[in-house]
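> Sequence plus the predicted model coming up.
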Amino acid sequence: MDTDGLRDQLLAIVGADHATFTPLHSPDDLRDESLHPAMTEPFAVVRPASTDEVRAICSLASRHGVALTPRGSGTGLSGAVTPVPGGIVVSFSRMNRLLRLDANDHMAVVQPGITLRELNEALVASGLRYPVYPGELSGSIGGNVNTNAGGMRAVRHGVTRHHVVGLELVLVDGTVLRTGGPVVKSSSGYDLTQLVIGSEGTLAMVTEVTLKLSPGLAHARTVLVPFASLEDATRVVPSIVASGLEPSIVEGVDVLTMAALTDAADFELGVDPQVAASTAAYLIVVLETRTDKQLEDDVGYLASLVEAQGALDVYVLASRSATRLIEARERLFWVTKASGAQDIMDIVVPRSRVADLLAEARRIAERHDSFIGGCGHVADGNVHLAVFQADDDVRKALMHELFAYGVSLGGQISGEHGIGRDKQGPFLDLSDPSLIELQRRIKAVFDPQGLLNPYRTLDARPLP
Ligand SMILES: Cc1cc2nc3c(=O)[nH]c(=O)nc-3n(C[C@H](O)[C@H](O)[C@H](O)COP(=O)(O)OP(=O)(O)OC[C@H]3O[C@@H](n4cnc5c(N)ncnc54)[C@H](O)[C@@H]3O)c2cc1C
């Protein structure tokens, strides 16, 4: 089909107000928040309003062999929404409604374009919440599903895949199907819901998501614990997790990163200057419970636990400071970006090996005359490391060494941001070739022509 014909058919499906064509796209539709944006232009960006429109777009693209890039809010950090020249970007921004809320079953059915902020607001009156907490609230549920987003509360509540019980999918040929449903268990055939979660838009368009919700907990305290070294801070973490306190958040932050974070947010932690002078790292621990009495007991128990294991002090933050600290931590990506980091790694290892990973990161950085710093969801073993090294070859070599070390500890290349285009090299190099081959065969079953989000994850070809 010629491009005029394709344009006419797309306009007939979504309407003239909901499509742009090259070269008239908004730059905001063409990239995510990866530090390595590829400035490519698709033929079209379309904004369907319904599953039926998505189905029609997929059938059209399939018939004419045109690449499709599904897009949520574009807050991803791995280049997974980079458009394919000549292809179609399918933006889910108009499919953003809460379709159903069942308070008795603790289930919500949403369209994929709903943002975390919109979902949180829609749930307030019910007393229920969607407890997964990836830091960027403008991210969409469809994007969260496709990256298996994690975030700060995973230590207690798990990641996206633990809360998605069903999906509506549009396959690349236009077939519409439903996986799972509003039930908390199922032993009924292959779990295709879980297969699609984390697939980065390469297997199917997600057009509806059934989410499992949790009751909100009324009482919360944020505890800040300084340590003399990052290793001391991370070594305490397994015993906090084992204590039964069920913290909602356990973040480790090195002292330089904490200074950058509080400077950017313009607030003071209120740590005694003498303690601050000996501090190399902090743990931020959030405890949540049903009653205030239980909370007081838990905070006391946490304090005695960390003091017995080398904490320099323990600060229970006033609620305003606590909110500011957590919000500042959410915005850390922007601070890191503004400070000139050339890369961000989100490697995940067993939580008991985080100290080893950080020590090795320091050694590798020194060997390559570079700097690596950061923070992490340390109770999940998932660290976000900012890499400062302007020379691309040196940076790639040092990151490869660190990825290889993480994998040797039993870890994975990405804990929550996904592979996208940015981490394809280490992902393909360091994975078992038989596993990659099996995944490519699965991809071919869903998408025989290779049209859905090509040139990323398993598909290492350079963009045309
Ligand atoms: C400041 C900041 C903080 C962040 N903090 C965290 C964090 O703590 N934890 C974390 O996990 N992530 C974090 N992220 C990353 C990001 O928010 C997540 O990756 C999020 O899941 C992306 O959602 P999105 O809607 O922006 O998806 P996009 O970036 O638009 O897309 C992500 C992937 O999903 C696919 N996709 C999107 N919608 C669909 C659909 N309907 N059907 C099929 N495929 C689809 C895309 O093709 C792409 O592969 C952060 C990002 C920023 C900028």
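Yep, it's here.

> going forward, measure contacts between C-alpha atoms and count neighbours the same way
Will do.

> Got phi/psi on residue 275?
In terms of degrees, to the nearest 10, the main-chain angles of residue 275 are phi -70, psi -40.

> Could you measure from it over to residue 140?
For residue 275, the distance to residue 140 equals 41 Å [C-alpha to C-alpha, to the nearest Å].

> Do you know the pLDDT at residue 87?
On pLDDT, residue 87 comes in at 98.

> and it, how many neighbours does it have?
Neighbours of residue 87 under the rule other C-alpha atoms under 10 Å: 20.

> That one against residue 70, yeah?
No. Contact status for residue 87 versus residue 70: not in contact, 10.9 Å apart, counting by C-alpha atoms under 8 Å.

> can you list the residues of the stretch 51-200 of the chain near the ligand?
By C-alpha under 6 Å from any ligand atom, the residues of the stretch 51-200 of the chain that approach the ligand are 69-77, 80-81, 112, 134-136, 139-140, 142-144, 146-147, 149-152, 200.

> Look through the stretch 351-464 of the chain and state the residue closest to the ligand.
residue 416 (4.3 Å; C-alpha to the nearest ligand atom).

> Correct me if wrong: that residue contacts residue 345.
No. Using C-alpha under 8 Å, residue 416 makes no contact with residue 345, being 10.3 Å away.

> What about the residue of the stretch 351-464 of the chain closest to the ligand, how many residues nearby?
Residue 416 has 21 nearby residues by other C-alpha under 10 Å.

> number of nearby residues for the nearest residue to residue 84 once chain neighbours are set aside?
Once flanking residues are discounted, residue 84 sits nearest to residue 42: 5.4 Å by C-alpha to C-alpha, 6 or more residues apart in numbering. If you count neighbours by other C-alpha under 10 Å, residue 42 ends up with 23.

> For residue 42, which residues are in contact?
21-22, 83-89 (C-alpha atoms under 8 Å, 6 or more residues apart in numbering).

> which of these lies closest to residue 335?
residue 83 (26.6 Å; C-alpha to C-alpha).

> pLDDT score for the residue of the stretch 351-464 of the chain closest to the ligand?
Residue 416 is given a pLDDT of 97.

> for residue 212, same thing?
At residue 212, pLDDT is 98.

> And it, its phi and psi?
phi -90, psi 130.

> Show me what counts as buried in stretch 185-195.
193-194 (16 or more other C-alpha atoms under 10 Å).

> hang on, the earlier thing: which of the contacts of residue 42 fall in strands?
When DSSP state E defines the strands, the subset of the contacts of residue 42 inside them is 21, 88-89.

> from these, which single one is nearest the ligand?
For the ones in strands among the contacts of residue 42, the nearest to the ligand is residue 89 (8.9 Å; C-alpha to the nearest ligand atom).

> how far away is residue 251 from residue 383?
Relative to residue 383, and taking C-alpha to C-alpha, residue 251 is found at 9 Å.

> what's the worst-scoring helix or strand of the chain on mean pLDDT in contact with?
Every helix and strand of the chain was ranked by mean pLDDT, DSSP states H and E. The lowest is strand 371-377, at a mean of 88. The contact list for strand 371-377 (C-alpha under 8 Å, 6+ apart) reads 151-152, 155, 249-254, 256-257, 361-362, 365, 382-389.

> Drop anything exposed from those.
By 16+ other C-alpha under 10 Å, these give 151-152, 155, 249-254, 257, 361-362, 365, 382-389 as buried.

> Now do the helices in the stretch 301-450 of the chain.
Assigned by DSSP state H, counting those that start in this stretch, the stretch 301-450 of the chain shows helices spanning 319-330, 332-338, 354-367, 392-408, 424-430, 433-446.

> Output the third one in PDB with nothing but the alpha carbons.
Think helix 354-367. These are the backbone C-alpha positions of helix 354-367, laid out as PDB (Å, rounded to 0.1, in the frame of the first residue of the first chain):
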ATOM      1  CA  VAL A 354      24.100  -6.100  47.300                       C
ATOM      2  CA  ALA A 355      27.200  -5.200  49.400                       C
ATOM      3  CA  ASP A 356      29.400  -7.300  47.100                       C
ATOM      4  CA  LEU A 357      27.900  -5.700  44.000                       C
ATOM      5  CA  LEU A 358      28.500  -2.200  45.300                       C
ATOM      6  CA  ALA A 359      32.100  -3.000  46.400                       C
ATOM      7  CA  GLU A 360      32.800  -4.400  42.900                       C
ATOM      8  CA  ALA A 361      31.100  -1.400  41.300                       C
ATOM      9  CA  ARG A 362      33.600   0.800  43.100                       C
ATOM     10  CA  ARG A 363      36.600  -1.300  42.100                       C
ATOM     11  CA  ILE A 364      35.500  -1.400  38.400                       C
ATOM     12  CA  ALA A 365      34.800   2.400  38.400                       C
ATOM     13  CA  GLU A 366      38.300   3.000  39.800                       C
ATOM     14  CA  ARG A 367      39.900   0.700  37.300                       C
END
